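Enquirer: Next comes the sequence, and after it the predicted model I'd like to discuss.
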Amino acid sequence: MYSHHTRGLPDESELHELLLFLASTNKVPGIAVGLSVNDHVILASAGKLSALRGTLLPAKARFHIACVTKLLVALLVTEMVALGQLCLEEPVEAFLPEFRGTERGRHQLLRHLLSFTTGYQDVPEAALATRRWNHMADALKMFVPGTVFSYEQAGFFILGEILQRITRQSMDELIHERISRPMGLSPGNFSRPSLDAGLNVVGHEYDHTEDSFHESLNVSVPSNGAISNLTLSAKDMLTIAQVALRSNVVPQKKVSAVPSLATPGTRPQYFPLPLPIAGTRNTGLPLAVGLGCFEFARGIYGVDGASYGQMCSLRFDPQTGMAISIGINVGSHRARRVVVSAIMSYIFSSKEPATRCRDLYDFSLSELPGRYVGSNGAELSIIVNEENVLLNIRNNESRSEATFPAIYDRGANSISAAGASQLAGISIFRDPTDGTPCIGLGMVTFGRA
């Protein structure tokens, strides 16, 4: 039975028409979607496998799951916790001797790795690929572990290494034996496009100046806890979403109106994210983080993956038992947000609800000026004058700026949502440990340098 606020699943022809419309209006070569409630499953696809070759997108087309691998790792970890092979309260140094005697090894617990609350700055991909443990052990500590969310790769990379050493299997072997085979999946390999030709989608980048698509090159991706080479069809991704729906990565009950992602024998694994200064957190920005997945609007959980010219999304709803998988073969975050939001709105018969931002922050603008460092290594500087607040962001060689008005409320120099409407997705909050200002830009948190 569907919840009172859902329309229910469309039939295959209705879904196909919706996908055709979304593909043509959002510059997406091809879209594949899987929907299910209980045992009822609908699969549909529209568009082309390759925009330049004219091949239609088959129902079995496979998309590179990329960072959706983190959800698979979370499922593996919760299974091992249930079997008594792991405890989420154990520190990293209990499993990796490279971290013994370091502050990170002592204080970073497995649950911090799973919930993106490690507190440490991410390390370069090259350091991950070559397993430079000293880079991870000596990474800059930004926050006390478990207190502040920031999306980064190193935590799940460390988790993957722990799983491989405990089981003495590679990540590819673990995923095959404990995920793919038991679930009946038929995966492909992103790094071997010639072997999966006709099934692996071709990634695309859209050139706005020429109004045309360019094919993306496949790049060999080393499998680890943060990412893998796995390519999956919408049907197989839907199977994973259905399994996640019944697992410990989503809330099984509510405590004081706050969902709990508790695994037996551990404290609740649910971490609310700061509200944005203006706008809403919706399909693109989550409300909270759990075990390898996020809570979005309407209490729906999920995870996204972005690869070379293609993207995928999984959503699962504990209230209705609904699971959704979406794959598109263009490297556009905006296109993915539009497609996911449109499908969710169609199913729920309404626009996505707005999650209220704070009307007023308890910050004096005099507190904000200074330099901040992000978990991704980017730097942010804030300058405040009598009329404006200027944000200057530097990430490697690139720079960007944003300016918004300093709005006064009853004579107090403070930021209001009305005065910062152009900054949807930016959060300003205090470090729960020492009270210093922190800045959230999308999924990345910046702490005072």
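Expert: Arrived safely, thanks for sending. Numbers count the residues shown, from 1 in each chain.

Enquirer: Okay, domains of this structure per the record?
Expert: As given by automatic domain parsing, the domain ranges for the chain are 1-356, 365-448.

Enquirer: Tell me which of these is the most buried.
Expert: Most buried of the domains of the chain, by mean neighbour count (mean count of other C-beta atoms under 10 Å): domain 1-356, with a mean of 19. Any C-beta I mention is one placed from the backbone N, CA and C, and that applies to glycine too.

Enquirer: pLDDT of that domain, averaged?
Expert: Averaging pLDDT along domain 1-356 yields 82.

Enquirer: Let the chain start at 491 from now.
Expert: Sure, I'll start counting at 491 from here, so that last one is domain 491-846.

Enquirer: Pretty sure Leu547 sits against Ala536.
Expert: Yes: using C-beta atoms under 8 Å, Leu547 is in contact with Ala536, at 6.9 Å.

Enquirer: overlap in contacts of these two?
Expert: Taking C-beta atoms under 8 Å, 6 or more residues apart in numbering as the criterion, Leu547 and Ala536 both touch 520-521.

Enquirer: Dump the helix or strand harbouring Ser835 to CSV, restricted to CA.
Expert: Ser835 belongs to helix 823-838 when assigned by DSSP states H and E. Below are the C-alpha coordinates for helix 823-838, written out as CSV (Å, rounded to 0.1, in the frame of the first residue of the first chain):
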residue,chain,number,x,y,z
HIS,A,823,25.4,17.7,-11.8
ARG,A,824,22.6,20.1,-12.8
ALA,A,825,21.1,17.6,-15.2
ARG,A,826,21.2,14.9,-12.5
ARG,A,827,19.4,17.2,-10.0
VAL,A,828,16.7,18.0,-12.5
VAL,A,829,16.1,14.4,-13.5
VAL,A,830,16.1,13.1,-9.9
SER,A,831,13.8,16.0,-8.7
ALA,A,832,11.4,15.5,-11.7
ILE,A,833,11.0,11.8,-11.1
MET,A,834,10.5,12.2,-7.3
SER,A,835,8.0,15.0,-7.9
TYR,A,836,6.1,12.8,-10.4
ILE,A,837,5.9,9.9,-8.0
PHE,A,838,4.9,12.0,-5.0
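
Enquirer: strand partners of the following helix or strand past that helix, parallel vs antiparallel please.
Expert: Next along the chain after helix 823-838, taking DSSP H and E as the criterion, comes strand 860-864. Strand pairing for strand 860-864, determined by DSSP bridges: strand 869-874 (antiparallel), strand 934-938 (antiparallel).

Enquirer: Out of the ones you listed, which gets nearest to Gln575?
Expert: When these are compared for distance to Gln575 using C-beta to C-beta, the nearest one is strand 934-938, at 31.6 Å.

Enquirer: same question for the closest one, mean pLDDT?
Expert: 88.

Enquirer: hmm, who's touching that strand?
Expert: Residues contacting strand 934-938 (C-beta under 8 Å, 6+ apart): 632-633, 638-641, 860-866, 868, 870, 921, 926-930.

Enquirer: thinking again about what came up before, please name every helix or strand in contact with the helix holding Ser835.
Expert: Applying 3 or more C-beta pairs under 8 Å, 6 or more residues apart in numbering; DSSP states H and E, one finds that helix 823-838 makes contact with helix 502-515, strand 520-527, strand 791-796, strand 801-807, strand 812-818.

Enquirer: Same list (these) but as a markdown table, adding distance to Met570.
Expert: Below are these laid out as a markdown table (distance: least, C-beta to C-beta, whole Å):
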| stretch | distance to Met570 |
| --- | --- |
| helix 502-515 | 37 |
| strand 520-527 | 27 |
| strand 791-796 | 19 |
| strand 801-807 | 21 |
| strand 812-818 | 23 |
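
Enquirer: Tell me which of these sits nearest to Gln575.
Expert: strand 791-796 (23.6 Å).

Enquirer: between that closest one and strand 812-818, how many degrees?
Expert: Counting by axes from the mean of the first three to the mean of the last three C-alpha atoms, to 10 degrees, strand 791-796 lies at 10 degrees to strand 812-818.

Enquirer: Counting by contacts, list what strand 791-796 packs against.
Expert: Taking 3+ C-beta pairs under 8 Å, 6+ apart as the contact cut, strand 791-796 packs with helix 559-572, strand 784-785, strand 801-807, helix 823-838.

Enquirer: give me that answer again for 7 Å
Expert: strand 784-785, strand 801-807 (3 or more C-beta pairs under 7 Å, 6 or more residues apart in numbering; DSSP states H and E).

Enquirer: Could you save those strands as a markdown table and add columns showing distance to Ile730?
Expert: Formatted as a markdown table, these follow (distance: least, C-beta to C-beta, whole Å):
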| stretch | distance to Ile730 |
| --- | --- |
| strand 784-785 | 15 |
| strand 801-807 | 7 |
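
Enquirer: All set, thanks.
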